[in-house]
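**Student:** Fold the following for me, if possible:
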Amino acid sequence: MARTPSSRSSKPKSAGTRKSPAKSAAKQADSGDNFELRSLQEAFEKDRRYKADTEELLGFYEKMLLIRRFEEKAGQLYGLGLIGGFCHLYIGQEAVAVGIQSALEEGKDSVITGYRDHGHMLAYGIDPKSIMAELTGREAGISRGKGGSMHMFSTEKAFYGGHGIVGAQVPLGAGLALAHQYREDGGLCAAYFGDGAANQGQVYETFNMASLWNLPIIFVVENNQYAMGTSVKRSSAETEFYRRGTAFRIPGMDVNGMDVLEVHQAAKVAVDHVRGGNGPVLMELNTYRYRGHSMSDPAKYRTREEVQGVREKSDPIEHAKADLQNMGVEEDKLKEIDKAIRAKVNEAADFAEKSPEPEPAELYTDVLVGDY
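**Tutor:** Numbering: from 1, shown residues only. Model (predicted):
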């Protein structure tokens, strides 16, 4: 029989449940007065949207549109058989990577994510040609054609993947943050993971270590509502992911991931907190992917009407476009931007198709051999 609150309260407390004087004293010395988990959210709530000027918003818009058109082209190339293996598209989630990474310092701050990584690389200014060449397994790819869609790196841009093991990037991100702390270089790490990975045990081990060591890291949960194909309501007991750092004294932030200005504003609050030496932050970005989990996923677990409803009401690119028009940007200029980006993406696809595949000897490079 389930226990009711009254049945629990009627049980006498045993001696073992009493708080020790030492622990009570420690609790008092380190009271909640000195650590306010809600402080960042409250600061963010006072002014949720970044007040971008026209040029700044145009920059955000162009980067989001580049990701959208790039991913659409990648989907086409996959359908033609030019991209093999897995391919996870970022369509619908563009405001997250652009909003957060525009608040970071390229090359100084580290970024690490899971296998849905093309958008994060484009948001960090990495050449679309080298990304598309990597997708198609060409020598000119950023990982020389050996990483494919899920395993891309750019140490020059401080982008450390692209990881296929669910949640594995989170402890690796803590390692990157520890390196920043050790070198005293002023950098921080943005470690992205999804709502599905949020239930991994290694994530919480990392939260604990990051909080204990006061690491300069922003944990970013990209909650696209479905993980692979299961709704968060069916897979997670606590669906408010930004609360999950509470047990480790990590402040959380709840953000609309479909509005690039809101994401950027939240990121600025988080970055200032971390750079100030205050330890990690956990951000939940509520977003939505329009395509399936991967190109092989028909996404039958949701209706077309649901997807179309998000497109019509919450699309991040259309939202930014409306803001630009309200700021006086003409429709013709926006069309020219789209035309130029389409040309850039087509150029990247042509470059990739014409690039040679890696030489057979490339199979033997970057392989660690040793005795243990």
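
**Student:** Look up how far Asp195 lies from the spatially closest residue to Ser231 that is not a sequence neighbour.
**Tutor:** In this structure, Ser231 finds its nearest non-sequential neighbour in Gln225, 6.6 Å apart by C-beta to C-beta, 6 or more residues apart in numbering. Every C-beta, even on glycine, is put in place using the N, C-alpha and C of the backbone. Distance, Gln225 to Asp195, using C-beta to C-beta, to the nearest Å: 7 Å.

**Student:** so what's in contact with these two at the same time?
**Tutor:** Any residue near both Gln225 and Asp195 by C-beta atoms under 8 Å, 6 or more residues apart in numbering counts here, and that gives Val232.

**Student:** Compare the two (neighbour count), which wins?
**Tutor:** Comparing Gln225 with Asp195 by other C-beta atoms under 10 Å, the one with more neighbours is Asp195, at 23 against 18.

**Student:** Could you report the neighbour count for Val263?
**Tutor:** By other C-beta under 10 Å, the residues close to Val263 number 30.

**Student:** that older thread, shouldn't the residue nearest to Ser231 be in contact with Tyr290?
**Tutor:** No: applying C-beta atoms under 8 Å as the test, Gln225 and Tyr290 come out as separate, 11.5 Å apart.

**Student:** centre of the chain versus the helix or strand hosting Gln76, how much separation?
**Tutor:** Gln76 belongs to helix 54-79 when assigned by DSSP states H and E. Per C-alpha atoms, centre = their mean, to the nearest Å, the displacement of helix 54-79 from the mean C-alpha position of its chain is 16 Å.

**Student:** for the stretch 151-300 of the chain, what spans make up the helices?
**Tutor:** 169-183, 201-212, 232-235, 260-275 (DSSP state H, counting those that start in this stretch).

**Student:** tell me the angle of the helix or strand Asn346 falls within relative to helix 54-79?
**Tutor:** Per DSSP H and E, Asn346 falls inside helix 331-354. Orientation check (axes from the mean of the first three to the mean of the last three C-alpha atoms, to 10 degrees): helix 331-354 against helix 54-79 gives 40 degrees.

**Student:** If you count contacts, what does helix 331-354 end up packed against?
**Tutor:** On a contact count with 3 or more C-beta pairs under 8 Å, 6 or more residues apart in numbering; DSSP states H and E, helix 331-354 meets helix 54-79, helix 128-135, helix 316-326.
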